[in-house]
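> Quick one, structure for this:
(2 chains)
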Number of protein chains: 2
Amino acid sequence: MSAQTSTRPNGTNGSGASVKGVKGQLDASKLKFDLTTALKDVPKPGSAELWEQNVATDHMVTCRWTVQNGWEDPVIKPFGDLTISPLASCLHYATQCFEGMKVYRGYDNRVRLFRPDRNAKRLVMSAERVSLPGFDPGQLVELIKALVRVDAKKWLPEPGSFRYIRPALIGTGRQLGVQIPKEAILMITLVCWPDFSTESPPGVDPRSDLRLITSRNDTIRAWPGGFGYAKVGANYGPSFASHCEAQQAGYDQVLWLLGEEGQVTEAGASNFFAVVRDEQTSKPVLLTAPLTDRVILDGVTRRSVLDLVKSRLSEELEVREAKFTIKDIEAAWRNGLLQEAFVSGTAFFIKNVSTIRVGDINIDLPQKQDNGSAFGPRIKSWLKDIMFGGEDHEWGVVVE
Amino acid sequence: MSAQTSTRPNGTNGSGASVKGVKGQLDASKLKFDLTTALKDVPKPGSAELWEQNVATDHMVTCRWTVQNGWEDPVIKPFGDLTISPLASCLHYATQCFEGMKVYRGYDNRVRLFRPDRNAKRLVMSAERVSLPGFDPGQLVELIKALVRVDAKKWLPEPGSFRYIRPALIGTGRQLGVQIPKEAILMITLVCWPDFSTESPPGVDPRSDLRLITSRNDTIRAWPGGFGYAKVGANYGPSFASHCEAQQAGYDQVLWLLGEEGQVTEAGASNFFAVVRDEQTSKPVLLTAPLTDRVILDGVTRRSVLDLVKSRLSEELEVREAKFTIKDIEAAWRNGLLQEAFVSGTAFFIKNVSTIRVGDINIDLPQKQDNGSAFGPRIKSWLKDIMFGGEDHEWGVVVE
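Below is the predicted model of the structure:
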């Protein structure tokens, strides 16, 4: 490690927003096109390779940043390998962050993004947490749209289908000192993705409900003062071992607890919701962890769920963004007050939880198909309508 | 994120040790040589580019691992860029870990490593924490020696000089699902490095003592149940912003505190030691954070310092590996009991601390040159003797 003097990345003003008039800014209007004619095959819907989550479309966007010149002109070019120095910051010090989004082919045949401005702003925030350069989030949205315009016709032909969008920012400067990267690359790839909310991988029990197991006391995903709120690589790799252990024990995801009291935070890499009837009033309450201590991700789907419940279900379902523990969940279940649980996220969309394993106890919840009055499926269907153009809504941003 | 079924990496048995007879094991005896004749210039001693910490020697070692075949044959080849998929696990999910070591040209002209077995074992442990494949640590040491044998003659000609060795393991599998990497690359590079313990970067005040500032309450480096004990990228990138802030405020490194009580953990990316006289006995005590809650790195230099104090200074200096807080340090200072503080690590070696900034208070410690009776310099000189062959010791491993 080094005592090297660090420099603040150009293009940020500390709050992560871009600074006008200082070196190169990220500018989608300068996008250069280097399109390929060597086009790849598109995987069939439902095919096994979708579950590999590694088939990209024909093109990608990249944009280089240097501390000397700021952002260079972005390029849309054939999808292909990057050339990275063995001494690059991103390979040693996890100077990396990303976003997860989807692009949808509507039932009306139009192509939509879902609240892309929120993902773009979050990427700027995540970048700041790992000392990567800032940019104008609106420019990122324009670059995403440009990539979608080039590849959506061939790669997203079917109404009702979607692809996954992965913007990522990595520190590519060759430097082993403990210092802010002097070079970075923003890249946007478009990847074939299975529908986790309705399908299961080949050879796997086709149940569609999730089975969660609580994290071990000696394994904590994130903590106050850390970076659980940012979508940085550092939150993921260290969680894989617990995820693998959960799967080997027959569960799908880890329900991450925090502290001795077992505060419930996230499920896998998704946000967690429980519907619990209030002990006094018997009225159902939608419980989810708060953003206040910055331990959980401010999920776009999470926020959309909360917004929809407040605007459309306020008579039936109270929202409670507050700390709660696994003991609260267990007590509600023992008292017959736990009605439903689900997770939300871009990858899973909204998925019903049928079991939570806590120590020796299985907290069993209704299967989705046996719970006609459940809130999760109703919210999911509203969101799906917005994503696929069944409902005209400002969250569904059409790519013309 | 995905519900994809994960598979345990081949070559590990859960404890990270290698498994015999299962697919390819890391095997230094199979090293292939692809040497270059296009040799680079060696930076002059004391030259400015050393401070960039990015000039590698002519060669590097790489070895690929796949879940199907295990470890392939390692190769020593010209230092050069890697080809990495934009979907590689290491770029998105921080599936990466590394080691920091040095190679020394002794006063007797022989080339030595310092306790390389400890670094190799730690890399296996770190790899396991981020679900990367295990290997026999002895084979890594052999690969390091092979690289040193090829490049040391030209790159390390001067007795009393050293280079930095950076073994690193990265998950290169193309996969955006939350899953254990299916491919990985082990690489070893040899890098020119300044002498932090005796020099300062060009243009920087050439004081040789360190000035520390305590971390903010809302920024924590590591947490029990996290991964502070492992040398994984995820511990570094998220710390750069605090490091930069400290430097902008005129300090060299952050003294990382934990919890409301301000438990002292690490300084920058080094281990921290304080020499405090016991209130009752007046006898000096060497205080350092314990490994028990797995928050700090089990530093090779830290362990060597403790071993030397126990074996050579037991009459003069008591070792206390125990939790202590910044309030303890402040109280000792106010009571005139704080004698000395220093940090230890491969990059810094052993470096005296002259100031600790805590809120509005400057805890001032003796400058190195004004503290002839200090323990840090004595321990440092013993270690230096072992590294450079002034003392024949089992920790100094000669590369024949």
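> Summarise which helices and strands the longest helix anywhere in chain A is packed against.
Looking only at chain A and at elements set by DSSP state H, the helix with the highest residue count is helix A:137-155. In this structure, helix A:137-155 makes packing contacts with strand A:59-66, strand A:75-78, strand A:101-105, strand A:111-114, helix A:116-129, strand A:162-171, strand A:183-191, strand A:396-399, judged by 3 or more CB pairs under 8 Å, 6 or more residues apart in numbering or on different chains; DSSP states H and E. C-beta here means a position set from N, CA and C on the backbone, and glycine is covered the same way.
> what's the angle from the longest one to strand A:183-191?
Right, helix A:116-129. Put simply, helix A:116-129 runs at 150 degrees to strand A:183-191, going by axes from the mean of the first three to the mean of the last three CA atoms, to 10 degrees.
> near chain B, which residues of the stretch 301-400 of chain A?
Taking CB under 8 Å from any CB of the partner chain as the criterion, the neighbours of chain B within the stretch 301-400 of chain A are A:Gly345, A:Ala347, A:Phe348.
> Tell me where the stretch 301-400 of chain A has helices.
In order along the chain, the stretch 301-400 of chain A carries the following helices (DSSP state H, counting those that start in this stretch): A:326-334, A:375-387.
> Among those, show me which one is buried the most.
Comparing those on average neighbours per residue, with mean count of other CB atoms under 10 Å in any protein chain shown, the densest one is helix A:375-387 at a mean of 20.
> returning to that earlier point: next, format the helices and strands packed on helix A:137-155 as TSV and append distance to B:Gln280, mean neighbour count and mean pLDDT.
Written out in TSV, the entries for the helices and strands packed on helix A:137-155 read as follows (distance: least, CB to CB, whole Å; neighbours: other CB atoms under 10 Å in any protein chain shown; pLDDT from 0 to 100):
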stretch	distance to B:Gln280	mean neighbour count	mean pLDDT
strand A:59-66	58	22	98
strand A:75-78	69	17	98
strand A:101-105	63	23	97
strand A:111-114	66	22	98
helix A:116-129	45	22	98
strand A:162-171	50	24	97
strand A:183-191	55	23	98
strand A:396-399	70	17	98
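> Of all these, which one comes closest to A:His92?
Comparison of these against A:His92 by CB to CB identifies strand A:162-171 as nearest, at 9.5 Å.
> Find the residue closest to the most centrally placed residue in chain A in space, skipping its chain neighbours.
With distances taken as CA atoms, centre = their mean, A:Gly100 lies nearest the centre of chain A, 4.2 Å away. Leaving aside its chain neighbours, A:Gly100 sits nearest to A:Thr346 (4.3 Å; criterion: CB to CB, 6 or more residues apart in numbering or on different chains).
> Counting neighbours, what do you get for the one you found?
With neighbours defined by other CB atoms under 10 Å in any protein chain shown, the count for A:Thr346 comes to 21.
> Would you quantify the distance from it to B:Asn235?
Taken as CB to CB, to the nearest Å, the spacing of A:Thr346 relative to B:Asn235 amounts to 27 Å.
> again, but for A:Pro133
Taken as CB to CB, the spacing of A:Pro133 relative to B:Asn235 amounts to 22 Å.
> among the residues of the stretch 301-400 of chain A next to chain B, which are in strands?
In strands, judged by DSSP state E, the following of these are found: A:Gly345.
> looking at the sheet around the spatially closest residue to A:Pro157 that is not a sequence neighbour, what are its partners?
Taking CB to CB, 6+ apart, and ignoring the residues beside it in sequence, A:Pro157 has A:Arg105 as its nearest neighbour in space, at 7.1 Å. When assigned by DSSP bridges, A:Arg105 has beta-bridge partners A:Val111.
> From B:Thr62, how far out is whichever residue of the stretch 301-400 of chain A sits closest to chain B?
Evaluated by CB to the nearest CB, the stretch 301-400 of chain A has A:Ala347 as its residue closest to chain B, separated by 4.2 Å. Shown here: A:Ala347 relative to B:Thr62, a distance of 32 Å by CB to CB.
> can you check A:Val254 too?
Applying CB to CB, the value for A:Val254 to B:Thr62 is 33 Å.
> returning to what we had before: next one: phi and psi at the residue of the stretch 301-400 of chain A closest to chain B?
Main-chain dihedrals, A:Ala347, degrees, to the nearest 10: phi -70, psi -50.
> wait, isn't it in contact with A:Ala267?
No. Counting by CB atoms under 8 Å, no contact exists between A:Ala347 and A:Ala267, whose distance comes to 11.8 Å.
> okay, the two: which has more neighbours?
Neighbours were tallied for A:Ala347 and for A:Ala267 using other CB under 10 Å; the higher tally belongs to A:Ala267 (27 against 24).
> check contacts around the more buried one.
Contacts of A:Ala267 were listed using CB atoms under 8 Å, 6 or more residues apart in numbering or on different chains, and they are A:Leu210, A:Leu212, A:Gln253, A:Val254, A:Leu255, A:Trp256, A:Val343, A:Val353.
> Which phi and psi values does it adopt?
Recorded main-chain torsions at A:Ala267 are phi -120, psi 110, according to degrees, to the nearest 10.
> in the stretch 251-400 of chain A, which segments are predicted with low confidence?
Screening the stretch 251-400 of chain A residue by residue with the criterion pLDDT under 70, one finds the ranges A:368-371.
> Which residues are in contact with the residue in it that chain B sits nearest to?
Distances from the stretch 251-400 of chain A to chain B, computed as CB to the nearest CB, single out A:Ala269 as the nearest residue at 3.6 Å. Applying CB under 8 Å, 6+ apart, we find A:Ala269 in contact with A:Tyr236, A:Ser239, A:Leu297, A:Gly345, A:Ala347, B:Met1, B:Val178.
> about what we covered before: which ones are touching the residue nearest to the centre of chain A?
Applying CB under 8 Å, 6+ apart, we find A:Gly100 in contact with A:Asn119, A:Tyr164, A:Ile165, A:Arg166, A:Lys231, A:Gly345, A:Thr346, A:Ala347, B:Met1.
> A:Gly138 now?
Applying CB under 8 Å, 6+ apart to A:Gly138 gives the contacts A:Asp117, A:Ala120.
> rewinding a little: distance to A:Phe196 added to the contacts of A:Gly100, as CSV?
As requested, the contacts of A:Gly100 are exported to CSV (distance: CB to CB, whole Å):
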residue, distance to A:Phe196
A:Asn119, 18
A:Tyr164, 11
A:Ile165, 16
A:Arg166, 16
A:Lys231, 18
A:Gly345, 9
A:Thr346, 10
A:Ala347, 6
B:Met1, 9
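> quick one: which of those residues is nearest to A:Met125?
Closest to A:Met125 out of those is A:Lys231 (8.6 Å), distances taken as CB to CB.
> Let me know the pLDDT of A:Pro202.
A:Pro202 is assigned 61 on the pLDDT scale.
> ok, now A:Ala230?
The predicted local confidence for A:Ala230 is 98.
> Now do the contacts for it.
A:Cys97, A:Met125, A:Ser126, A:Arg129, A:Val130, A:Leu297.
> which ones among the residues you listed come in contact with chain B?
Filtering these for neighbours of chain B using CB under 8 Å from any CB leaves A:Arg129, A:Val130.
> how about the contacts of A:Ala230, which pair is most distant?
Comparing all pairs in the contacts of A:Ala230 by CB to CB, the longest separation belongs to A:Val130 and A:Leu297, at 14.7 Å.
> nearest spatial neighbour of A:Phe388, skipping sequence neighbours?
Taking CB to CB, 6+ apart, and ignoring the residues beside it in sequence, A:Phe388 has A:Gly106 as its nearest neighbour in space, at 4.7 Å.
> Look up how far chain B lies from that neighbour.
Taking CB to the nearest CB, to the nearest Å as the measure, A:Gly106 falls 24 Å from chain B.
> What is the burial count for that residue?
Using other CB under 10 Å: A:Gly106 sits among 19 other residues.
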